[in-house]
Each structure stands twice: as C-alpha cells, then as structure tokens.
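1. quick check, what structure comes out for this input:
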Amino acid sequence: MPAYVPHVVTVDCAAIPTGVLDIEFPADGHVAILAEVTDQDEGFVIHLPAGTETVERHPREAEPNALKSHESFPLYAEAGMTMPGALRRLHVVEAVDYTEENAERARLVDSLIHEMGAILAVRWGYGIQLGGFAPAWHDPLEDRGNTLFVSIPESAVFGGECITLVSGSREQIAERRYNELEFDVES
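-> As a prediction, this is how the structure comes out:
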C-alpha cells in the first residue's frame, strides 16, 4: 500500500442492516477505503475479514505534509432513497406500459417523477453513501454501465466541495474484486 494514500473511512460491515443495500456488501469484518479525496482518481478498497490483525498508521509521523487526521467517530446507517439525476418516464418500462395512449396518466407519472426528484434533491447533509444511484454532478456512473459502491463527499471528511465516487460492475462488487473498482473525483 503506498504510504501517501490517506485512510478515508472504515465501515464496520456488521453494523450495516441486512437487506437495505442494492449491492453485495460483506456481512462481517471491515471495508477500508484509502484514497486521495482532493484531486486524484485513485484509491484502494480493502475488505478485512473479522479478526484480521491490523496496524494503525499515523500520517503525521509518516509524512510531515500529510492531511490533518481526525479522531475516529462511529458512523451510523440510515436507509434512504436515490434516483438517477435525469429520470424520465421512458426509462421505466412499467411507466411506459401504464401511460401508453393515455395523456392523463402520462401527465401524472411525469408529475410524480418530478416531485420525487425534488424531494430527493434536498440535501439533508453530506453523508457517505453505500450503493444506490451515484450523486454525480457531471458524469453519472450509470451512464457508463457502472454501479456505485461508495460515494464520499470531501466535506464529510475534510470540508471541501468535491466527491469521490467508487464504482464498478455488479459482478466486481459481488465477487469483492475491489482492486478492479474505479475511483472518480467530481468537483
């Protein structure tokens, strides 16, 4: 592991409620994310099975110009909803079938989609997100065929205005081929 890559977050897998994620996620152990969350599109995802011995690394000692470390604090899980940024009736097969040749149903479905987008667009705060649709501003992962594994807003860690998105195929995530996942930074 390169010494210059900062530890960003560790997720206690057992603390994630079962059945709330739309991705495969380990049931035990920890998932550690190491990434340069400022301007680099690189990082590492590591699953540490329960009972794995680890050594804590102290960035201030290793590198005099390292980013500031924060005291450890517990994360808590909160189930939520996400949706693609540009959802349209034509993207949902059931909506197309339901509204076929019925202008009033089409209007109602379009209105529902608009209202759902408005509700979900409200930012209750910047949180670390596991799975769901990516909160990408410029280049949605789903348009590239990727699935969101985790998104980490820089503000959740350091107080800035960018977001690190870690993604891959559903197979890569399910098979824990984390070394194949892509890191993207949007600002």
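2. the top helix by length along the chain packs against which elements?
-> Looking across the chain with DSSP state H, the single longest helix is helix 103-121. On a contact count with 3 or more C-beta pairs under 8 Å, 6 or more residues apart in numbering; DSSP states H and E, helix 103-121 meets helix 93-99. C-betas here are computed from N, CA, C, even on glycine.
3. helices and strands around the helix it packs on, which ones?
-> Packing partners of helix 93-99 (3+ C-beta pairs under 8 Å, 6+ apart): helix 103-121.
4. now Arg88: closest residue in space, sequence neighbours ignored.
-> Nearest non-adjacent residue to Arg88, counting by C-beta to C-beta, 6 or more residues apart in numbering: Ile113, 7.2 Å away.
5. one more: Ala174?
-> Glu24 (3.9 Å).
6. quick one: least confident helix or strand in the protein?
-> helix 59-62 (a mean of 54; mean pLDDT, DSSP states H and E).
7. where are the low-confidence patches of the chain?
-> For the chain, applying pLDDT under 70 flags the ranges 1-4, 36-41, 57-87, 117-126, 137, 155-161.
8. which parts of it are strands?
-> 7-12, 30-35, 43-48, 129-130, 147-153, 163-168, 182-186 (DSSP state E).
9. can you list the strands that the fifth one pairs with?
-> Sheet pairing here is set by DSSP bridges, and for strand 147-153 it gives strand 129-130 (antiparallel), strand 163-168 (antiparallel).
10. next, the angle strand 182-186 makes with that strand.
-> Counting by axes from the mean of the first three to the mean of the last three C-alpha atoms, to 10 degrees, strand 147-153 points 40 degrees away from the direction of strand 182-186.
11. same check, this time on the first one
-> Here strand 7-12 runs at 120 degrees with respect to strand 182-186, directions being taken by the same axes, to 10 degrees.
12. partner strands of strand 7-12 and their direction?
-> If you go by DSSP bridges, strand 7-12 pairs up with strand 30-35 (antiparallel).
13. residue contacts, Ala27?
-> Ala27 is in contact with Cys13, Ala14, Thr18, counting by C-beta atoms under 8 Å, 6 or more residues apart in numbering.
14. the closest residue to the second one other than its chain neighbours - how many residues pack around it?
-> Yep, that's Ala14 we're talking about. Spatial nearest neighbour of Ala14, chain neighbours left out: Asp28 (5.4 Å); criterion: C-beta to C-beta, 6+ apart. Residues within reach of Asp28, counting by other C-beta atoms under 10 Å, total 12.
15. residues in contact with Asp28?
-> By C-beta under 8 Å, 6+ apart, the residues touching Asp28 are Cys13, Ala14, Pro49, Ala50.
16. am I right that the first one is in contact with Pro26?
-> Yes - here Cys13 reaches Pro26: they are 4.5 Å apart, a contact under C-beta atoms under 8 Å.
17. if I look at the two, which residues touch both of them?
-> Here Cys13 and Pro26 share the contacting residues His47, scored by C-beta under 8 Å, 6+ apart.
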